[in-house]
Every structure is written in structure tokens, then in C-alpha cells.
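J.: Below are the sequence and a predicted model; questions follow.
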Amino acid sequence: MLGLTKKDATLLLVVAVLALCAPFILNPFPEGSAMAQFNAGYPDLMQRFVIFGIFAIGFNILFGLTGYLSFGHAAFLGVGSYSAVWMFKLLSMNVIPAIMLSVIVSGLFALLIGFVSLRRSGIYFSILTLAFAQMSFNLAYSVLTPITNGETGLQLTLQDPRVLGQSVSETGGIPVTSLFGIELRSTYQMDLGAWLFQFNVGYYLCAVMLLLAFYLAIRIFRSPFGMMLRAIKSNQHRVNYTGLNPRPYTLAAFVISGMYAGLAGGLMASMDPLAGAERMQWTASGEVVLMTILGGAGTLIGPVLGAGFIKYFENIFSKINDNVLHGWFSLLPDGLENLIVGVLHPFIGKGWHLTLGILFMLVVIFLPGGLVEGGQRIARLFRRGKADQTDTTTKPAE
Amino acid sequence: MGILEVKGVNKRFGGLQALGNVNLSVKENTVHAIIGPNGAGKSTLLNVLVGKLIPDTGSVMFDGQSVLGRKPYQINQMGISRVFQTPEIFGDLTVFENVMIPCFAKRDGAFKLNAVGDMLGQKDLIEKAEQMLIDVNMIDKRNMHSASMSRGDKRRLEMAMCLVQEPKLLLLDEPTAGMARADTNNTIDLLKEIKAKRDITMAIIEHDMHVVFSLADRITVLALGTPLVEDAPENIKGNPKVREAYLGESA
């Protein structure tokens, strides 16, 4: 199907079902119940899952396939956001031209940075990309204020020309982003008993983009180009002595992954039309590295899992505070309750970074292949158990 | 005129004269061995041939073109493949993929962005790679992870990767270094087989005299960076100068 092997097609199908049914899957708990705070099925968060998923898939094309660790990928995300917002200011509120421009501009920007940075490999490459990203961040903050609006961030105003659209909406406000007239913020709410499911146009736009991005990533991974990139990661020396110049290949991978980041940035701006320099900061670049490694670098689904995991922690886990804990442990004797809450206190709420950090360390040490490897190990255990029971009737699982 | 002509090559590392006025002519379709005691400049000479080092003076012509100043990948595209002292293969890839990479390199040469192409669509290359694996007796290891193979198999794979490019000149840098006797003999047989099957010129740098005398048509003896003699194997054996270079060092 679609030029994929059966296994890859299944994977794509699974991702498609997960992405399209996310409003159900992420909202397992009834509204108003004690567990409802763990529901992640609201549009804002789902959009973030998917957008960072795209960002991480793109990063993985560079890092997972060629082994070049870029520490400046957020720069492309930021450039994508700025480009999209400018398109909203100048052209119209339709997101398609905005997203197209963000992909193109960040691709060009990646070409420039990649051309310089890829002259070195290993740690020097990482430092060069980091330097470029920090440079972009600081420029966006200061010198480039006419383009980026400095500290305030780039926002839409009522004075923007919007030559193909309208400067002011009928109600006198700033118009909202749309897809050929369909407002991205419009949400269909479905009440099903105690549950509330929200279907948001913006989210579904992001989900479709994710599927396209994921499909393209599978094709790249399985293509001769992808094999060449893996060869470069494995032994660059041999690549040179095989009559191949590795530079154009790594540069192409860098540009493709920059364009993915630009797509993510453009989508981010489409969901909420403003762009700030902090999107380019090195912490943002570091975050996508964490997502990819946590999920499993070099695997197809890993980066998406990693992105979802980190964003879930950031938005949901951080909401657990002492009061919530007291609620959970209220059945215990007072002294014990206070003790447990006291012990857990540094790990919850604002301390979610600590929990995430510990989890990250555990994953890196015990599951070097990330969450994907964890999944594979569990599957193997399960399969072995099954094989023992049924003995010869099961076929080898490869 | 040989296919490879080295004329008056000098290379100096600080105070050390690694190569002094080296002249060498490798004739087409022969196996030319370059031998010499440790530090004779064999590896330096090889690195000059593949573009890793640029000599201070002199010229290196391959097939009528100068190789000097070209990058290793460009020299490979001219038709020179190299086997390393320690096998250099793509450890993360399967045996089959290892052979596919040089197939692509041979066909595309320059960069080609084939990012959404299908591997299965490359039928001619797949056939070629599989035929190569059959030729070197590795087809049963087709889907093996290449890093997990024995050293002898890695060497065999590396030769397959070089040969599938159909090079005009194959450079072998101590192909049997660190191998057991049986593996060494296998390698000799493999090289003889290759030689019998196709028109190929080989230049071998080797320590092991057994290998050299079983394979070479021509032998150049290097000592202290300068060629001492160049002759047929049977004449080299009895040559007093060669004996002196080797014995003088080991005594």
C-alpha cells in the first residue's frame, strides 16, 4: 500500500487511527471525576502533541539516520513561526500559504546553516548549530526587531494590510486563522454521558499534516537515500572510499529536517498567530533532542512517542499539587499522609522536571533504544510466554 | 605504460623522509606486490595513491590522468578501490545493504536525492549485489548484521564491496594481517578466483611472503622509502639486496 511494506503500512495505519481518534483516546475519564485532570483531550494540548511530534520526526531524520546531533533545531521552528505570522499580516488569514512559506523559508535557512555547520562533525557540529541558534535567538530579540518585534513577539494588529483578506473582521476584531474560510478555532463538542469530547478543526489540520510528515519519513527511511544516510552514520570513512561525497547527503538531510521544523513552526503560528524569540532558545532545541532520545532515535514512531510523553508531563503531570495528593492519600492516618505527601512534594507540580529527568536517565541507562525498545522488550516477553504455551503452533514472529 | 605510473614521488614528515624518489609502474591486469620491512614507506605510498596524502614532489598518473589533489571519493570514481588493513565496512547495515551502497555509488556517482524511491525498484542493482555475494560465498549471510561477523567474513565482505564497483585497480593494504593460516589461504584463493574471473589490476602491500609469492606477478621491494628492486617473484627470492634489506633489519 502506498509503496510501503506491510509492516510500515500497519504502523502508518496505527498512527492514523491514534491521531484521528485522539479526542476519544486522550479523554478516558468522565468530566468532573477525580481523574479528569489527567484528561489530555483538549484541543490546545492535542495540537501541541502533534506539532512537537512533527518537529521530532524531522529532527530524527537528521539525528537518527546520519548521527549528526543538531543543537539548534529550534531556530528553524522559530523562523517558521515568524514567516507564518508575516503571511497572516501581509497576505491573508488562510493558513495554507503561511505554512508553505514557513517550510520554504526554514528550508533556505537550514541550507545556509547546514552548509557551514556540516563542514565539521561530532561535537563541533553540535556546537556550531547551537551557536547559530543562539545567534538567531539574540538577533530576533534585538537587532531584528523590525521583523520580529523583539521582546513583545510578533503579533497581528488591526492595521495589518492582509491584501487578500480583511484587516478587520466584521465584529471589529482581528480576524482569526482559517483554512479556506473554516475557522481553525471552531470546535465541535460531543457530550456522551458523563464524557465530553472535543473535535477541533485546527487539531485535525495538524493531525493530517502529521500523517503526511510521518508517511514521508517512512519513505525516506526506506529509500536508497535513507540507506545512504545510515551508511554515513555507520562509517563515513568507507563512504568516502566508495566514491561518494557524504556532504550533499548530510546537507539534504539537514534541510529536510529543517523544513519539518519549519512546518511545525508554521502550524504553531496557525493555531495561535503570534511568534516570539523564546521559541528559538536553546532549551527548545534541547527539548527536541530529549524527545527523540526518550522515544528512540532512529526509529520511526519513537520521536512521536517521546514528544507526546514530554508534552503530557509538561502539561498534565505538572498540575498535580499537594492538595491533589492529600486528596489521594486522605484514607491514610494523618502522620503517614503528611509524610508521603512530603516525600512526593519535590517530584510533582513545579517539580515535574525532576521526575522527567529521572525517567530520562532511567530510559537512557536501561533502554538505550528509548520507549520503542521498552515496547519491543515487552512484546518479546509476551510473545515468548505465548510461544511456550502453544509450543509449535505459533510461527516465528519476524 | 602501466595503468598506474608513479614518478619521482617524495614525501617528508618533518625530519623523516618517508618516501624518497619513488618510481613505480603497475601494468594492467597484473598483481603487483609492494613489500618491504617495517617503516619502509609502504603505507605512505598507498595513502598517496588514494588521495589521503599529497606528496611534496612527483606525479601519480592513473589511466592517463593525475590523481594528485583529488579527494578520495573522486579517486575512487576514477576506478581505484581500496581494501583496508582493518576491514572498513558499514557495521550498522546488513551484509546485503553493505554491498548495495557501492552499487548505488557506482551508478549515481555524484549526489542523487532518491529520497522517496523504493529499494525494491532497484532490481538491476539488487541482482548485481546478490550475484556478488554468491561470488564471494556470502549469500547465506545476506541479512546478517555485518558488525557481528568474524574478521575473515568482514574482509570478504569488504572485498565484495570493492569488487562490485568493478574497479580497474584494486589496492589491498595487508589483506591478511592478523589472520589465521587457514583464513589467509582462503583469502589467497579468493583473490586468485577474482583474478581468474575478471580483468583487474591489483596492487598488494603485504608482510606475509607466503601471500606475496602465491599471488604476485611483479614485486617491488621498498626500503627506507626508496624502491630497491622491481622484478618477477622468482628473481626477488634470490636477490642479495633484498636479503640484506630484510635480514639487515631483523639481525
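T.: On my side now, so go ahead. Residues are numbered from 1 along each chain as shown, chains lettered A, B, ... in the order given.
J.: Please list the residues of the stretch 1-150 of chain A that sit near chain B.
T.: Neighbours of chain B within the stretch 1-150 of chain A, by C-beta under 8 Å from any C-beta of the partner chain: residue A:3. C-betas here are computed from N, CA, C, even on glycine.
J.: what ranges of the stretch 1-150 of chain A fall below the confidence cut-off?
T.: A:1 (pLDDT under 70).
J.: Now the residue in it that chain B sits nearest to. Nearest residue, chain neighbours left out?
T.: Chain B sits closest to residue A:3 of the stretch 1-150 of chain A, with a gap of 5.5 Å, by C-beta to the nearest C-beta. In space, residue A:3 comes closest to residue B:118 once its chain neighbours are excluded; the distance is 5.5 Å by C-beta to C-beta, 6 or more residues apart in numbering or on different chains.
J.: so who does the one you found touch?
T.: A:3, A:222-223 (C-beta atoms under 8 Å, 6 or more residues apart in numbering or on different chains).
J.: In helices only, show me those residues.
T.: Among those, the members falling in helices are residue A:222 (criterion: DSSP state H).
J.: a markdown table for the contacts of residue B:118, including neighbour count?
T.: Output for the contacts of residue B:118, formatted as a markdown table (neighbours: other C-beta atoms under 10 Å in any protein chain shown):
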| residue | neighbour count |
| --- | --- |
| A:3 | 16 |
| A:222 | 20 |
| A:223 | 20 |
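J.: in stretch B:72-91, what counts as buried?
T.: Across stretch B:72-91, burial judged by 16 or more other C-beta atoms under 10 Å in any protein chain shown covers B:72-73, B:75-84, B:87-91.
J.: That stretch close to chain A?
T.: Yes. For a cut-off given as C-beta under 8 Å from any C-beta, stretch B:72-91 has contacts with chain A, namely B:72-74, B:76-77, B:81-82, B:84, B:88-91.
J.: Just the ones in strands from the buried residues of stretch B:72-91, please.
T.: B:80-83 (DSSP state E).
J.: so which of those residues comes closest to chain A?
T.: Distances from chain A to those, taken by C-beta to the nearest C-beta, are shortest for residue B:82, at 5.3 Å.
J.: Okay, and the beta partners of the closest one?
T.: residue B:171 (DSSP bridges).
J.: The chain: strands as residue ranges?
T.: Let's take chain A. Under DSSP E, chain A gives strands at A:154-155, A:178-179, A:182-183, A:187-192, A:195-200, A:274-275.
J.: Oops, wrong one, chain B.
T.: B:4-13, B:16-26, B:31-35, B:57-62, B:65-66, B:80-83, B:169-173, B:201-205, B:218-223, B:226-231.
J.: Lowest mean pLDDT across those strands, which one is that?
T.: Comparing mean pLDDT across the strands of chain B, the weakest is strand B:226-231, with a mean of 83.
J.: what's that one packed up against?
T.: With contacts taken as 3 or more C-beta pairs under 8 Å, 6 or more residues apart in numbering or on different chains; DSSP states H and E, strand B:226-231 sits against strand B:16-26, strand B:218-223, helix B:240-250.
J.: Go ahead and name everything in contact with that strand.
T.: Strand B:226-231 is contacted from outside by B:19-24, B:36, B:41, B:218-222, B:236, B:239, B:241-242, B:245, using C-beta under 8 Å, 6+ apart.
J.: Go again with 10 Å.
T.: Applying C-beta atoms under 10 Å, 6 or more residues apart in numbering or on different chains, the contact partners of strand B:226-231 are B:6, B:17, B:19-25, B:32, B:34-36, B:40-41, B:45, B:218-223, B:235-237, B:239, B:241-242, B:244-245.
J.: now the end-to-end length of stretch A:61-74.
T.: The first and last residues of stretch A:61-74 sit 15 Å apart, counting by C-alpha to C-alpha, to the nearest Å.
J.: Report the distance from that stretch to the chain centre.
T.: From the chain centre to the centre of stretch A:61-74 is a distance of 14 Å (C-alpha atoms, centre = their mean, to the nearest Å).
J.: Quick check: buried residues in it?
T.: So stretch A:61-74, judged by 16+ other C-beta under 10 Å, has buried residues A:61-74.
J.: Kindly report the same for stretch B:137-155.
T.: B:138, B:141, B:144, B:146, B:149, B:152-155.
J.: Say whether chain A is contacted by it.
T.: Yes. Using C-beta under 10 Å from any C-beta of the partner chain, stretch B:137-155 reaches chain A at B:146-147.
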